[in-house]
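In: One predicted model, sequence on top.
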Amino acid sequence: MKIERIESFPLLLTTAQQTMTFFVVRVTTDDGLVGHGEACDSFGVSHPTVLAAIVDDAFAPLLRGAELTAVEPLLDGVHRTTRRALGDRGVAGQARSALAIALTDLVAQAAGRSVSDLAGRVRDSIRVYVGSSPFLESGPAAEHLDRLAPLLERGIDMVKMRVGLDWRRATDVLADLRGLLGDDVEIAVDGSEFFTLPQAVAIAERLHDVGVTWFEEPLPHDQHEAIARLADRVAVPLAYGEHFSSPDAALSALVAGEMTVVQPDASIAGGIEAARSIARTAGERGARVACHHHAGLVSAAANLHVAASSPAVDVFEFPFHLDPLLAPGFGIDAVVDGALPVPTGPGLGVTLEPGWLAAHRLGR
């Protein structure tokens with residue numbers, strides 16, 4: 001089959017908390033198959049029209065008319081041709097990730113199998129943890145518990161909370177929340193790259209006292225020397241990965257001792273196979289692997305297939321304020337005994353309603 005058409009869709013969608021931008025690619029073949037891919041920059045997509053320009057102007061002309069039998073040879077050609085001008089990371093990497101997912105979707109559809117079946121499925125559902133966006137200091141522990149309750153009632157036994165700039169108040173609230181949740185619920189904390197090294201050390205010491213399972217991105221992800229120094233000084237595990245644009249970037253951080261929790265995302269790392277490679281490498285080096293997800297339906301399906309075909313993956317991120325975008329297949333109602341089912345249909349196993357992408361398209 002040959003690639004006939006590549007279309008980019010910057011999107012404007014409303015979640016349970018706010019309006020956000022997203023980016024989806026649709027690829028159509030000459031025999032009528034349609035594949036979808038989605039990008040992410042760790043929180044939706046901040047500049048979707050920029051990604052659209054990269055796909056439309058740089059990537060699509062290289063792929064239209066190409067024979068599609070395997071994904072990596074085509075992507076390697078695109079990468080070699082555009083790397084010098086566009087680079088590996090940031091928006092170019094995100095756009096390439098969306099395209100890679102769409103091509104993987106098509107190859108699996110053509111085979112009549114799901115993406116994870118083709119890769120080697122090891123599980124049919126994956127344990128999830130609740131990602132809660134409001135900062136801990138925004139309210140008392142009881143308020144946060146009320147927000148988490150619908151997911152806890154569905155058997156979820158791990159939550160991730162966010163520490164903002166008022167981190168002293170945040171850690172006090174966290175200690176109260178630990179008392180309300182009990183010791184049977186794991187708590188992770190996201191630092192959102194807000195802090196300096198001295199602040200991160202002080203926060204980590206408080207988090208260790210509370211029994212936090214990991215401290216995510218306390219320092220900006222590209223401050224590699226500082227992250228390694230932090231890892232040497234604190235007892236709480238550090239988590240990074242949602243900004244890794246390739247398996248090589250993840251390997252470098254692992255070798256440098258920057259983290260013991262790794263968070264691959266197919267919509268950032270270069271596609272499904274790239275995310276699986278990160279998960280495999282992290283597992284081989286003794287790290288805990290938790291799939292990152294903070295985008296829409298297509299990205300959720302892609303990362304669930306990563307989790308389903310990667311033995312090292314332990315848990316999957318569920319940002320529950322995105323429920324309106326993920327329901328019914330991957331929303332709150334789909335969580336059973338603390339786990340989400342992995343799609344079983346051909347390709348990614350998700351279907352976008354006709355006209356939905358056009359209806360939500362963001363004008364340039």
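Out: Nice, I can see it. Residues are numbered from 1 along each chain as shown.
In: Next, count neighbours for the nearest residue to Val122 once chain neighbours are set aside.
Out: Leaving out its chain neighbours, the residue that sits closest to Val122 by C-beta to C-beta, 6 or more residues apart in numbering is Pro311, at 5.1 Å. The C-beta positions use only the backbone N, C-alpha and C, and glycine is treated the same way. Residues lying near Pro311 (other C-beta atoms under 10 Å) number 13.
In: And Phe320, by the same measure?
Out: Quick note: Phe320 (other C-beta under 10 Å) scores 23 neighbours.
In: show me the contacts for it.
Out: Taking C-beta atoms under 8 Å, 6 or more residues apart in numbering, we find Phe320 in contact with Ala16, Val130, Gly131, Ser132, Pro150, Leu151, Ile332.
In: quick one: low-confidence parts of the stretch 201-350 of the chain?
Out: Of all residues in the stretch 201-350 of the chain, none has pLDDT under 70.
In: And the helices in the stretch 1-150 of the chain, which stretches?
Out: Ranges of helices within the stretch 1-150 of the chain are 48-54, 60-63, 71-86, 90-111, 115-119, 141-152, based on DSSP state H, counting those that start in this stretch.
In: Mean neighbour count and distance to Glu317 for those helices - can I get that in TSV?
Out: Shown next, in TSV, are these (neighbours: other C-beta atoms under 10 Å; distance: least, C-beta to C-beta, whole Å):
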stretch	mean neighbour count	distance to Glu317
helix 48-54	21	21
helix 60-63	16	30
helix 71-86	15	24
helix 90-111	25	16
helix 115-119	22	18
helix 141-152	16	12
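In: These: which one's closest to Ala302?
Out: Nearest to Ala302 among those is helix 90-111 (4.8 Å), distances taken as C-beta to C-beta.
In: elements contacting the closest one?
Out: Contacts defined by 3 or more C-beta pairs under 8 Å, 6 or more residues apart in numbering; DSSP states H and E place helix 90-111 against strand 19-29, strand 34-39, helix 48-54, helix 71-86, helix 115-119, helix 266-269, helix 272-284, helix 297-308.
In: still on that earlier bit, turn the helices of the stretch 1-150 of the chain into JSON lines, including distance to Ala253 and mean pLDDT.
Out: Output for those, formatted as JSON lines (distance: least, C-beta to C-beta, whole Å; pLDDT from 0 to 100):
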{"stretch": "helix 48-54", "distance to Ala253": "24", "mean pLDDT": "97"}
{"stretch": "helix 60-63", "distance to Ala253": "30", "mean pLDDT": "97"}
{"stretch": "helix 71-86", "distance to Ala253": "21", "mean pLDDT": "94"}
{"stretch": "helix 90-111", "distance to Ala253": "15", "mean pLDDT": "97"}
{"stretch": "helix 115-119", "distance to Ala253": "24", "mean pLDDT": "97"}
{"stretch": "helix 141-152", "distance to Ala253": "30", "mean pLDDT": "96"}
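In: what's the closest of the ones you listed to Glu353?
Out: Taking the helices of the stretch 1-150 of the chain one by one with C-beta to C-beta, helix 90-111 is closest: 16.6 Å.
In: Tell me the gap between that closest one and the middle of its chain.
Out: 14 Å (C-alpha atoms, centre = their mean, to the nearest Å).
In: same thing with stretch 230-250?
Out: 15 Å.
In: related to what we said a few turns ago, out of the helices and strands packed on helix 90-111, flag the one nearest Glu143.
Out: strand 19-29 (22.8 Å).
In: quick one on the thing from earlier: now do the phi/psi pair for the residue nearest to Val122.
Out: Main-chain torsions, Pro311, degrees, to the nearest 10: phi -60, psi -30.
In: Do I have it right that it meets Glu284?
Out: No: using C-beta atoms under 8 Å, Pro311 is not in contact with Glu284; the gap is 10.6 Å.
In: Pipe the helices of the stretch 1-150 of the chain into JSON lines and attach distance to Leu197 per row.
Out: Shown next, in JSON lines, are the helices of the stretch 1-150 of the chain (distance: least, C-beta to C-beta, whole Å):
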{"stretch": "helix 48-54", "distance to Leu197": "32"}
{"stretch": "helix 60-63", "distance to Leu197": "42"}
{"stretch": "helix 71-86", "distance to Leu197": "32"}
{"stretch": "helix 90-111", "distance to Leu197": "24"}
{"stretch": "helix 115-119", "distance to Leu197": "39"}
{"stretch": "helix 141-152", "distance to Leu197": "28"}
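In: Which one of these lies nearest to Gly32?
Out: Of all the helices of the stretch 1-150 of the chain, helix 90-111 comes closest under C-beta to C-beta, at 10.4 Å.
In: shouldn't Val262 be in contact with Gly241?
Out: Yes: in this structure, Val262 is within contact of Gly241 by C-beta under 8 Å, at 4.6 Å.
In: okay, and the common contacts of the two?
Out: Ala250, Ile278, Ala282.
In: hang on, the earlier thing: nearest approach to Pro324 belongs to which of the helices of the stretch 1-150 of the chain?
Out: helix 141-152 (13.5 Å).
In: Quick one: list the elements packing against that closest one.
Out: Helix 141-152 packs on strand 125-135, strand 158-162, helix 167-181, going by 3+ C-beta pairs under 8 Å, 6+ apart.
In: contacts for that helix?
Out: Against helix 141-152 from outside (C-beta under 8 Å, 6+ apart): 130, 132, 134, 136, 159, 161, 173-174, 176-177, 179-181, 185, 318, 320, 332, 335.
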